[in-house]
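# Please find the sequence and the predicted model below.
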Amino acid sequence: MLVDTVFGSINFSEGCEFYKNGSISCGIVSKRIHIDTPIGDIVPNFSFEDGRKKHRPSLEFFENGEIKSIYLEVPMYVDTAIGKIKAELVTFYKNGGIKRIFPVYGQISGFRSEEDEYLLAEKTEFNISDNIINAVPQCVHFYEGGALRSITLWKFSPLVLPTRYGDIKTTVGIEFYESGEIKSIEPYIGTKLVIDGKKRNVFDINALGMHADNNSLVFDKEGNIISWFR
């Protein structure tokens with residue numbers, strides 16, 4: 001199916017959906033094409049032969065025609081405000097800014113495990129407010145203005161973060177204020193911290209598998225704990 005898009009006319013093989021105004025919502029491209037996007041010249045995913053790729057749209061669009069997400073044929077490094085990050089799936093805000101980057105985005109099935117996907121991921125260095133954080137991200141989320149919002153981790157690669165309450169281990173992730181300070185952490189199961197003179201459990205036993213956008217242990221910009229899971 002030949003469809004007009006902001007990138008010109010594109011042949012979609014299947015999965016085409018449309019908004020009520022007639023503009024395309026999403027689709028899977030039928031062959032290798034190169035398109036110029038906010039993250040550079042890319043090839044949207046068109047092949048599913050290896051059994052790893054998720055059967056999801058190659059391209060998604062907002063109702064006004066602007067790009068909403070791109071599933072790449074081959075991962076590439078994308079420039080962000082905090083450096084280059086490997087990307088296989090990228091989502092966008094309506095203003096064209098990057099919203100989320102998924103460094104690997106393959107299918108988890110009876111033939112491919114979560115650990116198989118993790119082994120394709122890479123350790124990435126994040127420089128936030130003069131602090132260096134080395135992590136293996138499952139998803140990197142940005143504010144609309146470009147600042148880092150959160151890093152969601154692979155559970156196989158925990159991160160230990162120093163705070164004024166001691167080192168805190170997480171296998172879920174960390175959230176930041178737009179100005180760069182730590183906003184919240186999802187503590188590892190069993191974590192206890194001394195808060196207001198009392199040792200308290202600060203972990204959420206149901207947090208496994210969640211994203212790191214709104215974690216249970218919350219800090220103010222000065223590093224003081226202001227709320228925790230109870």
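Thanks, I have it.

# Longest strand of the protein, counting residues only.
strand 67-80 (DSSP state E).

# element containing E115?
Assessed by DSSP states H and E, E115 sits inside helix 114-118.

# ok, so what distance separates the residue of the chain most remote from its centre from M210?
Distance from the C-alpha centroid of the chain peaks at G197, with 36.5 Å (C-alpha atoms, centre = their mean). As judged by C-beta to C-beta, to the nearest Å, G197 and M210 stand 30 Å apart. The way it works is simple: take the backbone N, C-alpha and C, and place the C-beta from them, glycine included.

# quick one, what contacts D79?
I39, G40 (C-beta atoms under 8 Å, 6 or more residues apart in numbering).

# Can you mark which positions in the helix holding E115 are buried?
Judged by neighbour count using 16 or more other C-beta atoms under 10 Å, the buried positions of helix 114-118 are E117, Y118.

# what's the following helix or strand after that helix?
strand 124-128.

# report the angle between the axes of that following strand and strand 67-80?
When axes from the mean of the first three to the mean of the last three C-alpha atoms, to 10 degrees is applied, the directions of strand 124-128 and strand 67-80 differ by 80 degrees.

# Direction included, what does strand 124-128 pair up with?
strand 131-135 (antiparallel) (DSSP bridges).

# In the chain, where is pLDDT below threshold?
Scanning the chain for pLDDT under 70 picks out 208-209.

# Show me the residue at the heart of it, geometrically.
So for the chain, C-alpha atoms, centre = their mean, it's C139, sitting 2.5 Å from the centre.

# hmm, back to that, which secondary structure elements does the helix holding E115 sit against?
Here helix 114-118 touches no other helix or strand, going by 3 or more C-beta pairs under 8 Å, 6 or more residues apart in numbering; DSSP states H and E.

# and the closest residue to P38 other than its chain neighbours, backbone torsions?
Among residues not flanking P38 along the chain, G96 sits closest, at 4.6 Å (C-beta to C-beta, 6 or more residues apart in numbering). Main-chain dihedrals, G96, degrees, to the nearest 10: phi 90, psi -10.

# list the contacts for G96?
P38, E66, I67.

# at 10 Å instead, please
G96 sits next to T37, P38, I39, E66, I67 when contact means C-beta atoms under 10 Å, 6 or more residues apart in numbering.

# again, but for V202
165, 168, 185-188, 191-193, 195, 216-217, 225, 227-230.

# same thing with L89?
Taking C-beta under 10 Å, 6+ apart as the test, what L89 contacts is 45, 54, 56, 69-72, 75, 100-106, 139.

# so which strand or helix has it?
With DSSP H and E as the test, L89 turns up in strand 83-92.

# Distance from the chain centre to that strand, please.
What separates the centre of strand 83-92 from the centre of its chain is 8 Å, taken as C-alpha atoms, centre = their mean, to the nearest Å.

# ditto for stretch 52-65
For stretch 52-65, the distance to the chain centre is 16 Å (C-alpha atoms, centre = their mean).

# buried ones in it?
Buried, per 16+ other C-beta under 10 Å, within stretch 52-65: R52, K53, R56, P57, S58, L59, E60, F61, F62.

# pull the CA atoms of that stretch into CSV?
Output of stretch 52-65 as CSV, limited to C-alpha atoms (Å, rounded to 0.1, in the frame of the first residue of the first chain):
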residue,chain,number,x,y,z
ARG,A,52,13.9,-12.0,17.1
LYS,A,53,12.1,-8.8,15.8
LYS,A,54,8.9,-7.8,17.4
HIS,A,55,5.9,-7.7,15.0
ARG,A,56,5.2,-4.1,15.6
PRO,A,57,4.9,-1.0,13.3
SER,A,58,8.1,0.2,11.6
LEU,A,59,6.7,3.7,11.8
GLU,A,60,4.1,5.4,14.0
PHE,A,61,2.7,8.9,13.4
PHE,A,62,0.8,11.5,15.4
GLU,A,63,-2.5,12.6,14.0
ASN,A,64,-0.8,15.8,12.6
GLY,A,65,1.6,13.6,10.6
